[in-house]
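Student: Show me the folded form of this:
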Amino acid sequence: MTKPLYTAEATVTGGRAQGHGVTSDGILDLQLRQPKELGGNGDGTNPEQLFAIGYAACFSTVLSMLGRRESLEAGDAAVSSKVMLIPNANGTFKLGVELDIALPSIEDPVQATNLVRSAHQVCPYSNATRGNIDVALVVNGTTI
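Tutor: As a prediction, this is how the structure comes out:
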């Protein structure tokens, strides 16, 4: 394995239903709970929420970076992510993702779509999920 530039470390005890998670630096310290939709009381954070925030943050950063390279203003991008827990027929679950990207400074739909498609090829989260889960992309209100 190539030497990493950064390594995040976290420890979870108790799992997703009644767990506790903390990063090695102590900055992120939270209670893990089942969402109401899965029978929990929803009074904590769940892994899908954490994944949604991570994916949206990463994708937004890549959009800004690629936008600068292409002389496009993408620093005002807003990335909303939905991470869905989807039941399989055999009783297991899979994930699905929808990224809804608003690029208010890019009015040309072709430029906006091309930038998002490029970001989807570069983003580490997109690369990690490609071929593993379905990821839908919506750009300025249009599914691509």
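Student: What number of residues are in the vicinity of residue 103?
Tutor: 24 (other CB atoms under 10 Å). Where you see a C-beta, it was placed from the backbone N, CA and C, and this is true even at glycine.
Student: doesn't residue 114 make contact with it?
Tutor: No. Between residue 103 and residue 114 there is no contact under CB atoms under 8 Å: 11.0 Å.
Student: Now do the domain split for the chain, please.
Tutor: Domain assignment of the chain by automatic domain parsing yields the ranges 1-45, 47-143.
Student: residue contacts, the nearest residue to residue 67 once chain neighbours are set aside?
Tutor: The shortest distance from residue 67 to any non-neighbouring residue, by CB to CB, 6 or more residues apart in numbering, is to residue 74 (2.9 Å). With contact set as CB atoms under 8 Å, 6 or more residues apart in numbering, residue 74 has these partners: 63, 64, 66, 67, 68, 103, 105, 106, 115.
Student: out of the residues you listed, which are inside helices?
Tutor: Of these, the ones assigned to helices by DSSP state H are 63, 64, 66, 67, 68, 115.
Student: Just the buried residues out of the residues you listed, in PyMOL syntax.
Tutor: Only the buried members of these end up in this PyMOL selection, burial being decided by 16 or more other CB atoms under 10 Å:
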select buried, resi 63+64+66+67+115
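Student: As a markdown table, the ones in helices among the contacts of residue 74 with pLDDT would be great.
Tutor: Shown next, in a markdown table, are those (pLDDT from 0 to 100):
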| residue | pLDDT |
| --- | --- |
| 63 | 97 |
| 64 | 96 |
| 66 | 97 |
| 67 | 96 |
| 68 | 95 |
| 115 | 98 |
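Student: Summarise which helices and strands the helix or strand harbouring residue 126 is packed against.
Tutor: Element membership for residue 126, per DSSP states H and E: helix 124-129. Secondary-structure packing of helix 124-129 (3 or more CB pairs under 8 Å, 6 or more residues apart in numbering; DSSP states H and E): helix 47-69, helix 109-122.
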